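**Student:** From the sequence below, what's the structure:
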Amino acid sequence: MPVLVINSNVPSDRVEQSDLLQALSKAISQYVLVTLNLGVPLSFGGTEEPAAYGTLLSIGAISPSQNKNTSKLVSDILQAKLSVPPKRFYLSVRWLCLLV
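**Tutor:** The predicted structure is shown next:
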């Protein structure tokens, strides 16, 4: 199951969190765990304007094209729902290989 964690300095009282969770879940996968950490003290590029940082963990490899597409989908949602410009968002994509 993929896991998406979003940290942002946008205050939680300015966000319809349920709507944001649903949009992010739909963008990533039907089976994804999404966690929002809003109102986090965060400086990006030396300013405290709206910004966000995300981590996406997945079991199995994520191709460069999937990475680019997923990053754009998440960035578009954060711009629409949190007013975080794409240049003030960073997504770290990691994949886990399970050995059984």
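
**Student:** show me what contacts residue 58?
**Tutor:** Residues in contact with residue 58 (CB atoms under 8 Å, 6 or more residues apart in numbering) are 2-3, 93-96. For every residue, glycine as well, the C-beta is placed using N, CA and C.

**Student:** Looking at the residues you listed, which has the smallest pLDDT value?
**Tutor:** Ranked by pLDDT, the contacts of residue 58 bottom out at residue 96, which has 72.

**Student:** Neighbouring strands - and their directions - for the lowest-mean-pLDDT helix or strand in the chain?
**Tutor:** None of the helices or strands of the chain scores lower by mean pLDDT, DSSP states H and E than strand 89-96, at a mean of 87. When pairs are called by DSSP bridges, strand 89-96 turns out to pair with strand 52-59 (parallel).

**Student:** helix or strand right after the partner strand?
**Tutor:** Toward the C-terminal end, the helix or strand that comes next after strand 52-59 (DSSP states H and E) is helix 64-82.

**Student:** on that earlier part again, now the contacts of residue 58 as CSV including neighbour count and distance to residue 39?
**Tutor:** Formatted as CSV, the contacts of residue 58 follow (neighbours: other CB atoms under 10 Å; distance: CB to CB, whole Å):
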residue, neighbour count, distance to residue 39
2, 20, 24
3, 16, 21
93, 19, 24
94, 10, 25
95, 13, 29
96, 10, 29
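
**Student:** could you dump those residues to TSV with distance to residue 72?
**Tutor:** As requested, the contacts of residue 58 are exported to TSV (distance: CB to CB, whole Å):
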residue	distance to residue 72
2	16
3	19
93	12
94	18
95	18
96	23
